[in-house]
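**Student:** output the structure for:
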Amino acid sequence: ILLDKDGKRKHTRPTFSGQQIFALEKTFEQTKYLAGPERARLAYSLGMTESQVKVWFQNRRTKWRKKHAAEMATAKKKQDSETERLKGASENEEEDDDYNKPLDPNSDDEKITQLLKKHKPGGGGLLLHPPEG
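**Tutor:** Next comes the predicted model:
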């Protein structure tokens with residue numbers, strides 16, 4: 001028993017055995033909240049007080065909520081970045097409309113050259129007219 005400077009009992013933090021924590025975690029996986037009789041049964045079977053089980057479950061729910069909130073935030077960021085990526089891709093597709101349309105055989109070489117430059121830096125090394133002679 002520890003005493004504080006005034007000679008009163010000092011509150012110590014309980015340490016739980018691995019077996020107790022394992023049983024508490026398994027129970028928590030099945031249910032996040034324990035009713036009175038369930039809590040009493042679990043406390044008795046683990047050699048703990050009902051108060052210890054109650055506080056352990058409160059703390060565990062807080063940890064679970066934080067983790068769940070962090071996972072949701074990560075999923076939202078991932079979804080937002082994917083939405084942005086798709087949005088950017090659709091904007092590029094709109095810019096590519098001219099490129100994807102069949103060329104008019106009567107269009108001038110300047111228009112073809114501009115399209116090639118836009119989509120293939122340096123014109124892609126393509127020749128528009130075969131070399132003469």
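
**Student:** what is the strand or helix carrying residue 58 packed up against?
**Tutor:** Here residue 58, judged by DSSP states H and E, is contained in helix 50-95. With contacts defined as 3 or more CB pairs under 8 Å, 6 or more residues apart in numbering; DSSP states H and E, helix 50-95 has these neighbours: helix 18-30, helix 36-46. C-beta coordinates here come from the backbone N, C-alpha and C atoms, glycine included.

**Student:** and the angle for the longest one with helix 50-95?
**Tutor:** So that's helix 18-30. 50 degrees (axes from the mean of the first three to the mean of the last three CA atoms, to 10 degrees).

**Student:** just to revisit the earlier point, so for the helix holding residue 58, mean pLDDT?
**Tutor:** Helix 50-95 shows an average pLDDT of 85 in the prediction.

**Student:** which residues does residue 3 contact?
**Tutor:** 9-10 (CB atoms under 8 Å, 6 or more residues apart in numbering).

**Student:** tell me the bridge partners for it.
**Tutor:** residue 9 (DSSP bridges).

**Student:** how close does the most centrally placed residue in the chain sit to residue 67?
**Tutor:** With distances taken as CA atoms, centre = their mean, the residue of the chain nearest its centroid is residue 74 (2.7 Å). Noted for residue 74: a distance of 11 Å to residue 67, by CB to CB, to the nearest Å.

**Student:** nearest to residue 62, out of the helices and strands packed on helix 50-95?
**Tutor:** When the helices and strands packed on helix 50-95 are compared by CB to CB, helix 18-30 sits nearest residue 62, at 12.0 Å.

**Student:** list the buried residues for the closest one?
**Tutor:** 20, 23-24, 27-28 (16 or more other CB atoms under 10 Å).

**Student:** that older thread, closest one to residue 60 among the helices and strands packed on helix 50-95?
**Tutor:** helix 18-30 (5.4 Å).

**Student:** so who does residue 12 touch?
**Tutor:** Residue 12 neighbours (CB under 8 Å, 6+ apart): residue 2.

**Student:** residue 4 versus that one, what's the distance?
**Tutor:** 11 Å.

**Student:** put together CSV for the helices and strands packed on helix 50-95, with mean pLDDT and distance to residue 82 on each row.
**Tutor:** What follows is the helices and strands packed on helix 50-95, written out as CSV (pLDDT from 0 to 100; distance: least, CB to CB, whole Å):
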stretch, mean pLDDT, distance to residue 82
helix 18-30, 95, 31
helix 36-46, 95, 42
